[in-house]
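J.: A predicted structure for the sequence below; I have some questions about it.
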Amino acid sequence: MTAILPGATIGILGGGQLGRMMAMAARSLGYRIHVMDPDPSCPARFVVDACFEGDWDDAKVAADLARGSDVVTLEIEQISLACLEAAAQYAPVRPSKALMQIIQDRIVQKDWLRDHGFPVGRYRAIENEADLQESALALGGRCFVKTARGGYDGRGQAKIGFSGRLGPVHEEVHEAWLSLGERPCIAEQALDLEKEISVMVARTPSGQVKSFPSAANHHENQILVWSVIPSSIPMELEQRAQQIALRLAEELKLEGLLAVEMFLTKQGSLLVNELAPRPHNSYHASERACVTSQFEQAVRAVCDLPLGDVSVVQPAAIANLLGDTWLKGEPRFDLALAVPGVRLHLYEKHQPRKGRKMGHLSAIGATPEEAIARVLEAERLL
């Protein structure tokens, strides 16, 4: 038997909201939870058995976490490989260091996807400003530039060719290069998008694989604003998206969860955007839409338990609550919760900041459109 049964201890590298929600699901299943995070008052701190304070590259603390754990997983991909190596001396680490080496660097990740036959948009690896100048022109003058490592929710990203301002393109490129810290980057051609979707797939060490129905996602300023399950894309596209996610899980030898972000272009192409080997913001709605949530599925996957049913039982949508909402005054949660089918989930972050995810609203509906309308109405009433 390889299953790690309830009563055992799960170590989570990272104690943010994803670690917190994974910990809550694990506790329901009867596991003990330890987390490691640089912030001793991280969101998971209030729902776990022990919190180890350590930076993302603190291998000693990662080893300390693993000594008392039966399995170690993660909620953030910025964890250093040294931490994964240190933890692996004492407990299985899922997902593996080999998988993380591919995913942590966007250039390596995109090259891997291309080399393994997965559909991706046009991109260029950038090592210096001259590369970026040449690539911006080669990609048609409009592109997104992302640092190879780190950065998410709009951080570590820049856009070229969208400002509409007059003047030489090289000035805009120079500003983008400086804003990204003059570090290796990836430049991706801007696409004519019909929709952004994601597919969450889970795989156990024993080889069982299941993927959730796709979610449709709406971003503003590179930050997820709302998401809904199911995505309502045509069946043929849904099948293609599922095939991509399932093949990725097999080829990466995934142990745990993998969120596959995809672009659907107006020309009908389905392209892989990015991979995230952990629970994902676009699947928070799975707690209400699906038989099994992404958080419970994460626990089942890393503990080598049978994976749960991912069928949709009712359409559900979420809207992220950023710190910006608090900066305008105390949110009127009483008004938002009066909208039928709406629930509130706050992450116990005590310092609201612009762009910081503080929680989310969720709503169910008879249709995906009704779920979206309800959650956006609740957000408006805040």
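T.: In hand now; what should we look at?
J.: where along the chain do the helices fall?
T.: In order along the chain, the chain carries the following helices (DSSP state H): 17-28, 59-67, 81-88, 97-103, 106-115, 129-138, 169-179, 235-251, 286-289, 294-302, 323-327, 333-336, 368-381.
J.: let me have those helices in JSON lines, extended by mean neighbour count, mean pLDDT and distance to residue 358.
T.: C-beta: built from backbone N, CA, C; applies to glycine. As requested, these are exported to JSON lines (neighbours: other CB atoms under 10 Å; pLDDT from 0 to 100; distance: least, CB to CB, whole Å):
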{"stretch": "helix 17-28", "mean neighbour count": "24", "mean pLDDT": "97", "distance to residue 358": "9"}
{"stretch": "helix 59-67", "mean neighbour count": "21", "mean pLDDT": "98", "distance to residue 358": "26"}
{"stretch": "helix 81-88", "mean neighbour count": "20", "mean pLDDT": "97", "distance to residue 358": "27"}
{"stretch": "helix 97-103", "mean neighbour count": "16", "mean pLDDT": "96", "distance to residue 358": "27"}
{"stretch": "helix 106-115", "mean neighbour count": "18", "mean pLDDT": "97", "distance to residue 358": "27"}
{"stretch": "helix 129-138", "mean neighbour count": "17", "mean pLDDT": "89", "distance to residue 358": "34"}
{"stretch": "helix 169-179", "mean neighbour count": "16", "mean pLDDT": "84", "distance to residue 358": "26"}
{"stretch": "helix 235-251", "mean neighbour count": "17", "mean pLDDT": "97", "distance to residue 358": "30"}
{"stretch": "helix 286-289", "mean neighbour count": "24", "mean pLDDT": "98", "distance to residue 358": "17"}
{"stretch": "helix 294-302", "mean neighbour count": "27", "mean pLDDT": "98", "distance to residue 358": "18"}
{"stretch": "helix 323-327", "mean neighbour count": "14", "mean pLDDT": "92", "distance to residue 358": "6"}
{"stretch": "helix 333-336", "mean neighbour count": "15", "mean pLDDT": "97", "distance to residue 358": "12"}
{"stretch": "helix 368-381", "mean neighbour count": "20", "mean pLDDT": "98", "distance to residue 358": "12"}
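J.: of the ones you listed, give the one that comes closest to residue 146.
T.: Between residue 146 and those, the shortest separation by CB to CB is 5.8 Å, and it involves helix 106-115.
J.: returning to what we had before: need the helices of the chain in TSV with distance to residue 47, can you?
T.: As requested, these are arranged in TSV below (distance: least, CB to CB, whole Å):
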stretch	distance to residue 47
helix 17-28	5
helix 59-67	16
helix 81-88	21
helix 97-103	25
helix 106-115	31
helix 129-138	43
helix 169-179	37
helix 235-251	28
helix 286-289	15
helix 294-302	12
helix 323-327	21
helix 333-336	20
helix 368-381	24
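J.: let me see the domain layout of this structure.
T.: Per the TED database, the structural domains of the chain span 9-94, 122-189, 193-381.
J.: so what's the residue nearest to the spatial centre of the chain closest to, chain neighbours aside?
T.: In the chain, the residue lying closest to the centroid (CA atoms, centre = their mean) is residue 280, at 3.4 Å. Once its chain neighbours are removed from consideration, residue 280 has its nearest residue in residue 259; the separation is 3.5 Å (CB to CB, 6 or more residues apart in numbering).
J.: pretty sure the one you found is touching residue 283, no?
T.: Yes - using CB atoms under 8 Å as the test, residue 259 is close enough to residue 283 to be in contact (6.8 Å).
J.: between the two, which contacts overlap?
T.: Overlap between the neighbourhoods of residue 259 and residue 283 consists of 198, 200, taking contacts as CB atoms under 8 Å, 6 or more residues apart in numbering.
J.: quick one: which of those two has more around it?
T.: A direct count of neighbours by other CB atoms under 10 Å for residue 259 and residue 283 places residue 283 higher, at 26 against 22.
J.: residue 209: neighbour count?
T.: The tally of other residues near residue 209 (other CB under 10 Å) stands at 16.
J.: who touches it in this structure?
T.: 201, 202, 203, 246, 249, 250, 307.
J.: and of the helices of the chain, who's closest to residue 123?
T.: helix 106-115 (5.5 Å).
J.: how much space separates the nearest residue in space to residue 357 that is not next to it in sequence from residue 239?
T.: Nearest residue to residue 357, sequence neighbours excluded (CB to CB, 6+ apart): residue 320, at 5.7 Å. According to CB to CB, to the nearest Å, residue 320 and residue 239 sit 29 Å apart.
J.: re the thing from before, nearest to residue 352, of the helices of the chain?
T.: When those are compared for distance to residue 352 using CB to CB, the nearest one is helix 323-327, at 3.5 Å.
J.: now do that closest one: which elements does it pack against?
T.: Applying 3 or more CB pairs under 8 Å, 6 or more residues apart in numbering; DSSP states H and E, one finds that helix 323-327 makes contact with strand 357-364.
J.: and the strand it packs on, what's its mean pLDDT?
T.: Per-residue pLDDT values across strand 357-364 average out to 97.
J.: OK, contacts around the residue nearest to the centre of the chain?
T.: 18, 198, 200, 257, 259, 294 are the contacts of residue 280 under CB under 8 Å, 6+ apart.
J.: tabulate those residues (JSON lines), appending distance to residue 71.
T.: Listed next are the contacts of residue 280 as JSON lines, based on distance: CB to CB, whole Å:
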{"residue": "18", "distance to residue 71": "17"}
{"residue": "198", "distance to residue 71": "25"}
{"residue": "200", "distance to residue 71": "20"}
{"residue": "257", "distance to residue 71": "14"}
{"residue": "259", "distance to residue 71": "20"}
{"residue": "294", "distance to residue 71": "18"}
